[in-house]
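**Student:** no FASTA, just this:
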């Protein structure tokens, strides 16, 4: 499955695009990832699931945070944090806030042990991820 059409759709909603503004293929082939678009046209995506649908284990849920800036040749890896799929990303002035999601703690082939994810804030300027404090 290719996630590129989903990112392209997000870009089309947030801004008018030219061919040079289309992001490259995502560095991880995942579904159920969180995504947010910034006013400057940059995109963030977080986590996701790379395994079979509705079959979860700790190796198939990812915790990488990536950013793409318009006209960049590739996605930039920003952080590796708590694995989560189905998380929401919200764009804020100084970065993104990750809300919710879930991850598996079980090994492949074991009974599924699913947990809700924590909420966190990421500030690229500070190069840090921390628990979100409203």
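**Tutor:** Sure, I can see it. Please read these numbers as outputs of a predicted model, since none were measured by experiment.
**Student:** what about the helices in the protein?
**Tutor:** For the chain, the helices defined by DSSP state H occupy 4-14.
**Student:** residue ranges with poor pLDDT in it?
**Tutor:** Across the chain, residues meeting the criterion (pLDDT under 70) sit at 1-20, 124-125, 127-128, 130-134.
**Student:** Can you show me the strands along it?
**Tutor:** For the chain, the strands defined by DSSP state E occupy 34-37, 43-49, 61-68, 76-80, 88-92, 95-99, 102-104, 114-116, 120-123, 128-131.
**Student:** Tell me how far residue 116 lies from residue 91.
**Tutor:** 22 Å (Cβ to Cβ, to the nearest Å). Where C-beta positions appear, they are placed from N, C-alpha and C, glycine not excepted.
**Student:** for residue 73, that is, sorry about that
**Tutor:** Taking Cβ to Cβ, one finds residue 73 at 23 Å from residue 91.
**Student:** Please identify which of these two sits among more neighbours.
**Tutor:** residue 91 (16 against 7; other Cβ atoms under 10 Å).
**Student:** Report how many residues lie close to residue 123.
**Tutor:** Residues near residue 123, counting by other Cβ under 10 Å: 14.
**Student:** ok, the residue nearest to the spatial centre of the chain - contacts?
**Tutor:** Nearest residue to the geometric centre of the chain (Cα atoms, centre = their mean): residue 46, 1.5 Å. Residues in contact with residue 46, defined by Cβ atoms under 8 Å, 6 or more residues apart in numbering, are 33, 34, 35, 63, 64, 65, 66, 84, 87, 89, 96, 98.
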